[in-house]
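*Asks:* Could you look at this predicted model? Sequence included:
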Amino acid sequence: MVFKKLGIASDHAGKDLKKTILEFLSEQGLEVIDFGVDCNSTESVDYPDYAAKLAEAVSNQKIDGAIAICGTGIGMCITANKYPSVRACSVWDEYSSRMSREHNDSNCLCLGSRTLNHYRALDIVKIWVETPFGGDRHRSRLDKVTSIEQKNFKTN
Ligand code: RB5
């Protein structure tokens, strides 16, 4: 496994898929913290609140990876990428999952509960947690991403 400690969260749209993924990862023996324990009903909530909890924990190195689920995965992805060091990827199939790890060293997997069935989502998750970063030419490209982040996310 690539990750030692994962976080997971969803909005109301993703709560059932979150439960399925949590059970699957626990069966695999992975430590997973649920950052959305207050979001387990169908009551409508706002995805940025949950993406922020997860992304902040990745950014502060409290966890080394996160799985964020909303209707499309897109809102979670947009929000999570506002945090330093977070490389959130909205992934839709097995290939994009593998590439997000091998090429982009993704540390936040964003999934759409309304675009994926649970079987496919679990295949995506399995690949994502098992695929190491490829390094090499991909590292220098990610270094460029980091320098863009440092230049543009300056707060002072
Ligand atoms: C909620 O209806 C929906 O907008 C949200 O789950 C997500 O898809 C946003 O990107």
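*Replies:* Arrived safely.

*Asks:* When you work out contacts or count neighbours from here on, use the C-alpha atoms and nothing else.
*Replies:* Noted.

*Asks:* is it true that Asp123 touches Ser96?
*Replies:* No: Asp123 is beyond contact range of Ser96, at 11.5 Å (criterion: C-alpha atoms under 8 Å).

*Asks:* Show me which of those two is the more surrounded one.
*Replies:* Per other C-alpha atoms under 10 Å, whichever of Asp123 and Ser96 has more neighbours is Ser96, with 16 against 13.

*Asks:* Relative to Lys18, how far out is the more buried one?
*Replies:* To Lys18, Ser96 is 20 Å away according to C-alpha to C-alpha, to the nearest Å.

*Asks:* swap in Ala51?
*Replies:* Computed as C-alpha to C-alpha, the Ala51 to Lys18 distance reads 13 Å.

*Asks:* Compare these two and say which is more crowded by neighbours.
*Replies:* Ala51 (32 against 26).

*Asks:* and the chain, which residues reach the ligand?
*Replies:* With C-alpha under 6 Å from any ligand atom as the criterion, the chain comes near the ligand at residues Ala13, Cys70, Gly71, Thr72, Gly73, Ile74, Gly75.
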